[in-house]
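[1] Whatever this is, show me its structure:
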Amino acid sequence: METYSHAFYTWALAKHGVKAGRAAGIAGAVGAAFPDLPAFVATVYYVGPKFVSGGWESMHSEEMLDAIYFSGPFGATGSALHSAVPVVVLLGVYGLLKLGRRDGRRVLLWFLLGWFGHTVMDFLTHVDDVRPLFWPITDWTWASPVSYYNSEYYGREFFAINHALMLLTIVVLLVRRMRKKPSNPGADAA
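    As a prediction, this is how the structure comes out:
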């Protein structure tokens, strides 16, 4: 999924779904975006100089995409952050050390849950750009039958459904907020 989709759904779940609070919602959104951080840095690293020297036309190539996501200096970090292993280990440490007692607003927990959710959703929505789910234990990968972007694997349909669900969530949250506000704020003063 797109990074913003990961962040949006985690924020909505933490803040409005389980009502963990604003801080947990923000931490969850940051955690959900965290695995894509190496790709953002790699994009600046590779695309910036290419854009300056060759303009828009020079930026899109399979070699550049491969360098950004897999083979370049940020590829291994991206694979590590898209693996379930480190985040599951950290969630285990969180539980074993009973860090929830010190994490009153559940900021660390929601950061880790956002990260884990990103990993799971990417596992379910990547076809030709998969990463090893259990790296560094194994290099095993699985190609999902559904892609979040590739039209040959329902990418257009997934995009439409995903964005319709985000829009529906926003509408529901706005309606809920409007119902909470008093319809005539000056009525109490009279």
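[2] Any figure for the gap between L99 and V93?
    The gap separating L99 from V93 is 8 Å, by C-beta to C-beta, to the nearest Å. In this view, the C-beta of every residue, glycine as well, is placed from N, C-alpha and C.
[3] between the two, which one's more packed in?
    Of the pair L99 and V93, L99 is the one with more neighbours under other C-beta atoms under 10 Å, namely 15 against 11.
[4] The more buried one: what's it in contact with?
    The contact partners of L99, by C-beta atoms under 8 Å, 6 or more residues apart in numbering, come to V93, L108, L109.
[5] What about those, which are in helices?
    Among the contacts of L99, DSSP state H puts V93, L108, L109 in helices.
[6] Among those residues, pick out the one closest to M64, please.
    L108 (35.3 Å; C-beta to C-beta).
[7] what sits against the closest one?
    A27, Y94, L99.
[8] Settle this for me: the first one is touching V107, isn't it.
    Yes. In this structure, A27 is within contact of V107 by C-beta atoms under 8 Å, at 4.2 Å.
[9] Now do the helices in the chain.
    For the chain, applying DSSP H gives helices covering 3-11, 22-33, 37-54, 62-66, 75-81, 84-96, 107-125, 155-180.
[10] In a markdown table: those helices, plus mean pLDDT and distance to I137.
    Listed next are the helices of the chain as a markdown table, based on pLDDT from 0 to 100; distance: least, C-beta to C-beta, whole Å:
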| stretch | mean pLDDT | distance to I137 |
| --- | --- | --- |
| helix 3-11 | 97 | 23 |
| helix 22-33 | 97 | 22 |
| helix 37-54 | 80 | 20 |
| helix 62-66 | 79 | 24 |
| helix 75-81 | 90 | 12 |
| helix 84-96 | 97 | 6 |
| helix 107-125 | 97 | 14 |
| helix 155-180 | 96 | 29 |
